[in-house]
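# Generate coordinates for the sequence data below:
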Amino acid sequence: MFGPIVITLLLIVVGAVPYALWVTWKKPSGPARWAVIGIAATLAAYGAGTVYGLAFTNPLDICGDKTGDGVYMDALRDYSLTSVDVDSFPPSVTCHWTGDHSTEVVWPWAPPLLYAGLACSVVCFSLLLINRHKRRRTPHDHGLEA
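Reported below is the predicted structural model:
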């Protein structure tokens, strides 16, 4: 149940080391740093939202536990699984149970973090491109003074 959040936190901790080394050695601009943070947040949210690929490879196992007779049941054993809807973007795994009962498996923080990371990345990459374009258009001082 807490697998995606533990994996996400582990990936953040593991990714923080190269990020810290990059910031320390290269001294990137603010927009460059925020673009990388936005990309990392997007990847973490998408990974957690798809339960790190299990939503695409075996969605039945995400929804319920398989009993001895091959029926997938919910944790409380009150309902049996009838179908699973998997959407890739934004990530969504909806489990449909008997008795018209449905549950969403994706953590509620994953889609907002995904959109926030995408927005952050797009804005920062735009700023980087605008700054690069401005630097190319400004005349450079070639050391010629009158």
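
# so where do the helices sit in this structure?
Assigned helices in the chain, in chain order: 3-26, 30-49, 54-57, 59-63, 110-137 (criterion: DSSP state H).

# who does residue 73 bridge with?
In this entry, residue 73 is beta-bridged to residue 65, residue 80, by DSSP bridges.

# Can you give me the distance of it to residue 51?
The gap separating residue 73 from residue 51 is 19 Å, by Cβ to Cβ, to the nearest Å. (Each C-beta comes from the backbone N, C-alpha and C, glycine too.)

# who has more neighbours, those two?
More crowded of residue 73 and residue 51, by other Cβ atoms under 10 Å: residue 51, with 23 against 17.

# Hmm, residue 62 and that one touching each other?
Yes. If you go by Cβ atoms under 8 Å, residue 51 and residue 62 touch, sitting 5.5 Å apart.

# how close does the nearest residue to residue 15 once chain neighbours are set aside get to residue 120?
Excluding its sequence neighbours, the residue lying closest to residue 15 (Cβ to Cβ, 6 or more residues apart in numbering) is residue 40, at 5.8 Å. Distance check for residue 40 against residue 120: by Cβ to Cβ, it reads 10 Å.

# same question, residue 82
On the measure of Cβ to Cβ, residue 82 and residue 120 end up 39 Å apart.

# Settle it for me: which of the two has more neighbours?
Neighbour count, other Cβ under 10 Å: between residue 82 and residue 120, residue 120 has more, with 20 against 14.

# Need the pLDDT of the more buried one.
At residue 120, the pLDDT value in this model is 93.

# For this protein, give me the ranges with low pLDDT.
Scanning the chain with the threshold set as pLDDT under 70 gives 1-5, 70, 75-77, 137-146.

# Would you mind listing the residues in contact with the spatially most central residue of it?
Geometric centre of the chain, nearest residue: residue 45, 2.2 Å, by Cα atoms, centre = their mean. Residue 45 is in contact with 91, 109, 110, 111, 113, 114, 117, counting by Cβ atoms under 8 Å, 6 or more residues apart in numbering.

# Phi, psi for the first one please.
Read it as residue 91. phi -60, psi 130 (degrees, to the nearest 10).
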